[in-house]
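> Need coordinates for the below:
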Amino acid sequence: MFHTLIIVGNVGRDPEMRYTPSGQAVTSFSVASNRRYTSSNGEQVNETIWFRVSAWGKQAEICNQFLKKGSRVLIEGRLTPDKTSGGPRIWQKQDGTRRQL
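Okay, here's the model as predicted:
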């Protein structure tokens, strides 16, 4: 099986770059994708969907260098679900709190 996800939108916050213990760069940022449509009663509806994006390696460094809040972007990638539930990935932070992507 193969899937591709394409997101077009605006960067919601400045990218944050960090390095894994092995030295690989990871940049995280959010992207807002907007959709406007007319509902069945004729009313204009604006809908915004937020995506959390992670870029790795050289691509992470480039994203960190050139993107900023408000930048228009096109992202092509894949969803990485939790292997046990199939939903968003869930992990435990060092302080013991649970987080999800």
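
> OK, contacts around the nearest residue to Gly70 once chain neighbours are set aside?
Leaving aside its chain neighbours, Gly70 sits nearest to Asn10 (5.8 Å; criterion: CB to CB, 6 or more residues apart in numbering). Every C-beta, even on glycine, is put in place using the N, C-alpha and C of the backbone. Going by CB atoms under 8 Å, 6 or more residues apart in numbering, Asn10 touches 31-32, 70-73.

> isn't Tyr19 right up against Val26?
Yes. Counting by CB atoms under 8 Å, Val26 is a contact partner of Tyr19 at 7.2 Å.

> still on that earlier bit, beta partners for the residue nearest to Gly70?
Per DSSP bridges, the residues bridged to Asn10 are Ala32, Arg72.

> what about Met8, how many residues close to it?
You called it Met, but residue 8 is Val. 12 (other CB atoms under 10 Å).

> Now it: closest residue in space, sequence neighbours ignored.
Once flanking residues are discounted, Val8 sits nearest to Leu74: 5.0 Å by CB to CB, 6+ apart.
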